[in-house]
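J.: Sequence and predicted structure are below.
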Amino acid sequence: MKFKKITFVAIAATASLALSACGASYQALGTEMQASARGTVDLTTYNGSIFFGNPVPRTDAGSTTAKVKANISYSGGNWNINGEWQDGIVSFKFQGVSPYIAVAYCGLISSCSPINPGPAAPFAAKMRTQVKGLAANTSNGHHDNNGWVNGGCLPMLAYYKSTNVDHPGVGQVALAICDSANGGGTFGWTNPDYIAVSILDTNSFGDASPYTYYTSGGYFSGRESGTQVAIRQTFQSPTATPSPLWPSPVPQ
C-alpha cells in the first residue's frame, strides 16, 4: 500500500546530525507537559493548513470518522506516549517517542546554540513555535490549584506499530493535539478541540512503514470526545552559576 507522496516533512536519520545543548537543564527538568485525546474525530473537518507548511490534503483511508485514544506526558526530562488511532484501513498504536523529537524540540524553553536540523522541516518548526509559546506564556494562563495552565497545542513525534494484520509494519508519526480549554483560547488556540496525524517517510532509512504519507485529522464530535493540554513550570533560577572544576580539554 502506498499513499500519495507529500513533502511537507521528511525527518531523516543522518549520522551527521549534530545537536548542541538546548536551553538550561534546570528549566527543562522543572517543566511538565501533558496532553490527551480520546473519542471520535470528524475527518470531514480536517484542515491541512493548520500544522503543515503547505495545505496538505487528507488521505482517504475509507472512513469519514476516526477513533483515537492518546496520552502524552513530559516530566523530569522524560517523554512518554501511548494510545491508538483507527481510520478505515489505517490502524496503529503509538509505541514511544521518536529520537527526532530532539531536533523538533530544540529550544523548548530558550533558544538553542546553532544546530543543523537537516531536513526536519515545517512540522518541526511548528513544534518549536507551539511548545515555546506554551512555556513562555504560563504566567498569562489560567492556573488551577496545582499550577497547571490549560489549553493550547502540543505536537509530538512518535513511533507507531500497525495493528492491521493485512498491513503490518512500524514507522514514525507526527501528531498534534489542540485543546480549546473550554473556549478560553489559551495560547492563541480559539478553535474547538483538534487533532492532526501524519506518517513520516522513514522507509528509505530502513523502516517498514505501511502508512507512509498518510495524513488526517479534524475536530472532535460526540459528548465523550475531546482533548486536554496542560503545562506547568516549577523551576527557580539558580542563585549562582558554578565554574567548571576542570579546564576545557580543548583550547578555547
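T.: Cool, got the structure.

J.: Show me where the stretch 101-250 of the chain has its strands.
T.: Using DSSP state E, counting those that start in this stretch, the strands of the stretch 101-250 of the chain run over residues 149-150, 152-162, 170-179, 194-199, 215-233.

J.: so where's the stretch 1-150 of the chain shaky on pLDDT?
T.: 1-23, 52-54, 99-145 (pLDDT under 70).

J.: what residues are up against S75?
T.: By CB atoms under 8 Å, 6 or more residues apart in numbering, the contact set of S75 is 32-33. Quick note: C-beta positions are derived from backbone N, CA and C, even for glycine.

J.: run the last query once more with 10 Å
T.: S75 sits next to 29, 31-34, 232 when contact means CB atoms under 10 Å, 6 or more residues apart in numbering.

J.: Buried by neighbour count, from the residues you listed: which ones?
T.: Neighbour-count burial (16 or more other CB atoms under 10 Å) is assigned, among these, to 31-34, 232.

J.: The residue nearest to S237 when sequence neighbours are not counted sits in which helix or strand?
T.: Once flanking residues are discounted, S237 sits nearest to Y26: 7.6 Å by CB to CB, 6 or more residues apart in numbering. According to DSSP states H and E, Y26 maps onto helix 25-29.

J.: Identify each buried residue in that helix, please.
T.: Burial within helix 25-29, assessed by neighbour count using 16+ other CB under 10 Å, is assigned to A28.

J.: Compute the first-to-last residue distance for stretch 55-65.
T.: Chord length of stretch 55-65, first to last residue, is 20 Å (CA to CA, to the nearest Å).
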